[in-house]
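[1] Turn this into a model:
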Amino acid sequence: MKKTVLLTMLGIAVASYADAQTKPTTKPSTPSAKADTTKKGPAVPPAAPAKPGPKPYKDVITAKAKTDKGLFWVHNIDDRYFFEIPDSLLNREILLVNRISKAAAGNRASMMGYGGDHIGDNVISFEKGPGNKLFLKSISFDERSRDTTEQGMSRTLLNSNIQPLVAAFDIKAFAKDSVTKKGGVVIDVTDYMNGDNDIFFFSAGAKRGLSLGGIMADRSYIKEIKSYPMNIEIRTLKTFTKSAPALPGMMAPPGGATPATYELNSSMVLLPSNQMKPRNFDPRVGYFATGYVDFDANPQGVKRQSIITRWRLEPKPEDVEKYKKGELVEPAKPIVFYIDPATPKKWVPYLIAGVNDWQAAFEKAGFKNAIVAKEAPKDPNWSIDDARHNAIVYKPSDIPNASGPHVHDPRTGEILETHINWYHNIMLLLRNWYFIQASAIDPAARKTKFDDKLMGELIRFVSSHEVGHTLGLRHNFGSSATVPVEKLRDKKWVEANGHTPSIMDYARFNYVAQPEDNITEKGIFPRIGDYDKWAIEWGYKWMPQFKTPEEEEAYSNKTIIKRLSADNRLVFGTEMDPNDPRNQSEDLGDNAMKASEYGIKNLKRIIVKMPEWAKNENEGYEDLSTLYSEMLGQFSRYIGHVAKNVGGVYTTPRTVEEKANVYSRTPYAIQKEAMDFFNKNVFTTPTWLVDQKILDNIGQNPTDVINRVQISALARLLTTSTMNKLINAEVTDGKDAYKLTDLFADLNSGILTELKSNSEIDIYRRNLQKTYVDVLISIVKPAPPAAPGGMMGRSSGPSASQTDVSSFVKAQLREISGMMKSAAPSTTSMTKYHLEDLSDRIEKALSNKD
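    Next comes the predicted model:
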């Protein structure tokens, strides 16, 4: 209701303004009473002011105009830019995509702020208004109804959702007398494009992320506006104030603001009038989706609907019958990627191969040559910013990463274009990954500077992964969990099938394989696998027999059930589930404990050779330090993979036609196996991590190394969420559950071993026990919130004090304190001091004294 009132008021204001523009502002002059009446002839009144409003076309678009013909005709006259918009394109939806073309020096925010970065998008349209005005409208598709009948919701929705008018332009001339002969309007867009707005330039969020303030008009201008058949490219130079943040406790630097100058590119792309048929999202196949509220799907309410994002692939008209018969045909419009000309030449073939590798997947959907990569043409009129061109953009960045975003039609989910961000320093990330995960089994990885062929193949697999995202595919973190661990050591099997069925998994490299397995790169590297081919088949198969996405649903559901029941390798596991141990990043195999044991064996092989393999003549120990830290990170990943099994909840999306349940708990035996892993590999001091030859050259202390690893393990195991899941599992599964009492029995047996034997406790174990007690105390006596009454930092779900967790942990602390008091008299020196200290800490915490 409030939105309607505001828009109505805006309409009144616009009408009033228009009326003022069409009425004379002064009355015609009349002869003065004192005028000389002796002169012959009538008195000549002063000239009336020129009437505002449109002028003849030739008076606006003069002979001086430089005209660029395309979607709109763009006229440039003395540095002023005019759009000549044909009547046929008024009220048509236009997708506006904004990017950084050239970035401000030194102004970065994490992975944002580089040339090619996407900084906003909107759907707009132009429509005529009263008083010779043309309005720019911003359009949202968040609520929809296709029912246009008299009793349907479509009309009501339109009345309740007036789209905002974000700009108004005077119509300078009508184009019906122009050379177009088709009718249209001419507007001056110079001032609007020279200014600042979140429609054509930075979104509000992007500006905040880069700490940009107001625009500096004297240092901002239009560089170029070019028009193409289906799009218009607007290149502007924008200079913003940028406030330098003050350090905590320090005053802001004098002068306050510094300028930040960007070259921005805005692409206006006409959305197709012949809309692609959407395909409804299904959680059993991993696609990105765009959502809306559907007022038709539920006759007694509304339904939140989602449609997947994908390219429009359809056979050529002459090949339709061949396609229906199952013959492979080329699509009417293939997906074409261009490689940024700034890319080092030696990597171009590998990036191209990473794109072309997807051709086999599209063949499953019935299309050959559906996707291809090419070098950018050497044409001065070709632009990487042109929204008609998909590109892999090479960025001179020290960020070790790559990303594959895409821009889609919000009405249908049709992907219209993409720019993959390829950061130069990703090669460092690839070097580190491969060295740590594969140098035990691949001699080519046993150095810090890889041969170009090896690095090229690493680039190829990352290229394929990012292209997968631009095709609409999400991460499939559950894919690797479908592979039996021992198959990863079977040379014949793994080289034939790959170590994960999906390149969209974060499975990286086969760290399970052992040197004696003699597995080659075919069994070490990721590749486009069975799941990827199935996902492309499901998302891209052309099905003209169904007229609406709703008609497809029954067929789709039956197909998914049949295919997944027949082949577990086609399973999708979401990247957004914190509870399911099958869906994890960087893991391998169907058993995290076995896979991690194999991984640790390889890390033990690598660490003793690391000083030799990381040695570079005439250099220091930077690479050694980096690779040692990467190795600790890999070991911590293994810890995280195993920890997720404790209190784990399996979630398998299903429809009512399937018999099995959606949710189930991780079996007792698996959770017990996980805790045995911790007691063997983590809580029993992993002294193999302490290689003094390494530590003495990189400046780390052995106790700090071990302590960080063990703190990480306890932090993962002893969360309120995990303990609550164990309590609820006991309620649900009874005697078959792995219970909270089982968890603490296993923890105490691994961490407090010396208390039962009254033996001396070394420094590593003392630190572990201190950490264990401190974590338990923090559960029953949490730190105060950062801000009084604030909600920041609070985890979701009930706190420990609201459940049995607090009661149980207090009981454990009392028991541990009693064990320490009993053991202390039989010990000496630091062991005795340590036990007395911990006992005092527990008593203080339980007495509620500060």
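
[2] contacting residues around stretch 799-819?
    Applying C-beta atoms under 8 Å, 6 or more residues apart in numbering, the contact partners of stretch 799-819 are 720, 723-724, 727, 740, 744, 748, 752, 755-756, 773, 776-777, 779-780, 782, 838-839, 842-843, 845-846. Just so you know, the C-beta spots here come from the backbone N, C-alpha and C atoms, and that holds for glycine as well.

[3] Buried subset of the residues you listed as a PyMOL selection?
    A single PyMOL command selects the buried members of these (16 or more other C-beta atoms under 10 Å):
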select buried, resi 720+723+724+727+740+744+748+752+755+773+776+777+779+780+838+839+842+845
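
[4] Narrow the contacts of stretch 799-819 to those in helices?
    720, 723-724, 727, 740, 744, 748, 755-756, 773, 776-777, 779-780, 838-839, 842-843, 845-846 (DSSP state H).

[5] how near is the closest residue in space to Lys64 that isn't next to it in sequence to Lys66?
    Distances taken as C-beta to C-beta, 6 or more residues apart in numbering place Ile77 nearest to Lys64, at 5.4 Å, with adjacent residues excluded. Going from Ile77 to Lys66 by C-beta to C-beta, to the nearest Å gives 8 Å.

[6] same check, this time on His424
    Where Lys66 is concerned, His424 sits at a distance of 38 Å (C-beta to C-beta).

[7] now the stretch 201-350 of the chain, which segments are flagged as low pLDDT?
    When residues are selected by pLDDT under 70, those of the stretch 201-350 of the chain lie in 243-257, 292-303.

[8] repeat that for 90
    201-215, 228-231, 242-260, 265, 267, 290-305 (pLDDT under 90).

[9] Could I get the full set of helices for it?
    For the stretch 201-350 of the chain, applying DSSP state H, counting those that start in this stretch gives helices covering 204-209, 320-324, 348-356.

[10] to the chain's geometric centre, what's the distance from the second one?
    Distance, stretch centre to chain centre, for helix 320-324: 37 Å (C-alpha atoms, centre = their mean, to the nearest Å).

[11] What residues sit buried inside it?
    By neighbour count with 16+ other C-beta under 10 Å, helix 320-324 contains the buried residues Tyr323.

[12] what's next to it, contact-wise?
    Residues contacting helix 320-324 (C-beta under 8 Å, 6+ apart): Pro315, Val329, Gly366, Trp542, Pro544.

[13] Now go through the residues you listed and say which are in strands.
    The members of the contacts of helix 320-324 all map outside strands under DSSP state E.

[14] Write a PyMOL command that selects only the buried members of those.
    Buried residues among these (16+ other C-beta under 10 Å), as a PyMOL selection:
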select buried, resi 315+329+366+542
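
[15] Show me which of Ile77 and Lys66 is the more surrounded one.
    The residue with more neighbours, out of Ile77 and Lys66, is Ile77; 17 against 8, by other C-beta atoms under 10 Å.

[16] Show me the beta-bridge partners of the more buried one.
    Bridge pairing for Ile77 (DSSP bridges) gives the partners Arg80.

[17] contacting residues around it?
    Ile61, Thr62, Lys64, Ala65, Lys66.

[18] same check, this time on Pro315
    Lys322, Tyr323, Val329, Glu330, Pro331, Ala332, Gly366, Phe367, Trp542.

[19] Quick check: closest non-adjacent residue to the third one.
    Taking C-beta to C-beta, 6+ apart as the measure, Val329 lies nearest to Asp319, with 4.0 Å between them; neighbours along the chain are not counted.

[20] and what of the second one?
    In space, and not counting its chain neighbours, Tyr323 is closest to Pro315: 4.2 Å by C-beta to C-beta, 6+ apart.

[21] ok, now Met830?
    Computed as C-beta to C-beta, 6+ apart, the closest residue to Met830 that is not its neighbour in sequence is Arg766, at 7.0 Å.

[22] swap in Ile698?
    Ser625 (4.0 Å).

[23] Quick check: that neighbour is in a helix.
    Yes - membership of Ser625 in a helix is supported by DSSP: H, G, I helix; E, B strand; the rest coil.

[24] What distance do you get for it to Ile694?
    9 Å.

[25] ok, now Leu429?
    On the measure of C-beta to C-beta, Leu429 and Ile694 end up 21 Å apart.

[26] Please identify which of the two sits among more neighbours.
    Between Leu429 and Ile694, counted using other C-beta under 10 Å, the more crowded position is Ile694 (22 against 17).

[27] tell me the SS of the more buried one?
    Following three-state DSSP, we place Ile694 in the helix state.

[28] need the next SSE after the helix or strand bottoming out on mean pLDDT in the chain, C-terminal direction.
    Lowest on mean pLDDT, DSSP states H and E among the helices and strands of the chain sits helix 2-22, with a mean of 32. As assigned by DSSP states H and E, the chain's next helix or strand after helix 2-22 is helix 57-60.

[29] circling back: return the two entries of the contacts of helix 320-324 that lie farthest from one another.
    Within these, two members stand farthest from each other by C-beta to C-beta: Val329 and Pro544, at 13.5 Å.

[30] tell me the most buried of the helices of the stretch 201-350 of the chain?
    helix 348-356 (a mean of 21; mean count of other C-beta atoms under 10 Å).

[31] What is the helix or strand just after that one packed up against?
    Sequence order places helix 359-364 as the next helix or strand after helix 348-356, per DSSP H and E. Counting contacts by 3 or more C-beta pairs under 8 Å, 6 or more residues apart in numbering; DSSP states H and E, helix 359-364 packs against strand 371-375, helix 530-540.
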